[in-house]
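Chemist: Any chance you could fold what I've pasted below:
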Amino acid sequence: MEKQQSKNPLHGITLKSILEKLVDHYGFDTLGELVKIKCFNDNPSVKSSLTFLRKTDWARKEVEELYIQSLSKFDK
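Modeler: Numbering: from 1, shown residues only. Reported below is the predicted structural model:
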């Protein structure tokens, strides 16, 4: 089970870290286009987005999937 977790790119990373990395890389404008949720398009902030994502599983999943897809871009 431990080996399975070590291969999980989300293991040990907080939602806040994920969101901050995405915002730093894409900005809220592009992030709002990639993930269609109101908190990225209407008066966006990390705090309000975290509140929404913690309550809304489907939106959190989309953000996590975008993070995983974007990992290779973060190194550049």
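
Chemist: Tell me where the model's unsure across this protein.
Modeler: Residue ranges of the chain with pLDDT under 70: 1-6, 75-76.

Chemist: elements contacting the lengthiest helix in it?
Modeler: In the chain, assigned by DSSP state H, the helix with the most residues is helix 15-34. When contacts are defined as 3 or more C-beta pairs under 8 Å, 6 or more residues apart in numbering; DSSP states H and E, helix 15-34 packs onto helix 38-41, helix 46-55, helix 57-74. Just so you know, the C-beta spots here come from the backbone N, C-alpha and C atoms, and that holds for glycine as well.

Chemist: Return the most buried member of the ones you listed.
Modeler: Of the helices and strands packed on helix 15-34, the one with the most neighbours on average (mean count of other C-beta atoms under 10 Å) is helix 38-41, at a mean of 19.

Chemist: Packing partners of that helix?
Modeler: Counting contacts by 3+ C-beta pairs under 8 Å, 6+ apart, helix 38-41 packs against helix 15-34, helix 46-55.
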